[in-house]
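S.K.: coordinates only, no sequence provided:
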């Protein structure tokens, strides 16, 4: 029996998925609170329509039920790595624009950035449990974004936070799917077999 198929590995996977679901729920709640504060402090309309933002991974996926567990985890990991870079950039821009005048918003952004980093690490742990290779982060990171006006930066930030909230929902859904016991054995399905 492979290590990833052992009963202890199945229990560990289920435990990691349960903790990940709680982390995603907490992160979503914090992102929603941050989104409200961001809209208010940036002087934006909460119902503003934001076009797809370059570099922001979309949580919506076609044929979600056909993805394997490994595909789900890899997509989640890539998304949270991208969000980590985007949030760090937002934090820098916010500090440039407002300095210490709005330290509360900066602390909230930094707290969500920390949660995103922790969640990415959590996803890496799940991939390690399955003896899957962890894809390396691109050494150079994403290409530097074009210089945006302050208003465009605000709108991009709004788009980033909205999509991050959607990813938190998707991640919890993905982890619930991975934690489900398989009908035949009662154990959690391996990542490659899960639907």
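M.R.: Yep, that arrived. Computed from a prediction, not measured in an experiment: that's the story for all the values here. Numbers count the residues shown, from 1 in each chain.

S.K.: so how far is the helix or strand harbouring residue 151 off the chain centroid?
M.R.: In this structure, residue 151 sits in helix 150-179 according to DSSP states H and E. Averaging C-alpha positions (CA atoms, centre = their mean, to the nearest Å) puts helix 150-179 6 Å from its chain's average.

S.K.: for stretch 82-97, the distance to its chain's centre please.
M.R.: For stretch 82-97, the distance to the chain centre is 15 Å (CA atoms, centre = their mean).

S.K.: now it: mean pLDDT?
M.R.: On average, the pLDDT along stretch 82-97 is 90.

S.K.: begin at 368 from here
M.R.: Understood, numbering begins at 368; the last thing we discussed is stretch 449-464.

S.K.: give me the contacts around that stretch.
M.R.: Outside stretch 449-464, the residues that touch it by CB atoms under 8 Å, 6 or more residues apart in numbering are 422-424, 469, 472-473, 476-477, 479-480, 483-484, 487, 508-509, 512, 517, 520, 523-524, 527, 531, 534. Using the backbone N, CA and C atoms, a C-beta is placed for each residue, glycine as well.

S.K.: are any of these buried, and if so which?
M.R.: Buried members of these, scored by 16 or more other CB atoms under 10 Å, are 422-424, 469, 472-473, 476, 479-480, 483-484, 487, 512, 520, 523-524, 527, 531, 534.

S.K.: which other helices and strands contact the helix holding residue 518?
M.R.: Using 3 or more CB pairs under 8 Å, 6 or more residues apart in numbering; DSSP states H and E as the contact test, the elements touching helix 517-546 are helix 374-409, helix 436-465, helix 470-496.

S.K.: got the angle between that helix and helix 470-496?
M.R.: Here helix 517-546 runs at an angle of 30 degrees relative to helix 470-496 (axes from the mean of the first three to the mean of the last three CA atoms, to 10 degrees).

S.K.: could you find the closest non-adjacent residue to residue 420?
M.R.: Spatial nearest neighbour of residue 420, chain neighbours left out: residue 526 (3.9 Å); criterion: CB to CB, 6 or more residues apart in numbering.

S.K.: the one you found and residue 423 touch, don't they?
M.R.: Yes. If you go by CB atoms under 8 Å, residue 526 and residue 423 touch, sitting 5.9 Å apart.

S.K.: pLDDT weak spots in this protein?
M.R.: 368-372, 465-468, 498-500, 504-513, 549-562 (pLDDT under 70).

S.K.: for residue 540, give its distance to residue 546.
M.R.: Going from residue 540 to residue 546 by CB to CB, to the nearest Å gives 11 Å.
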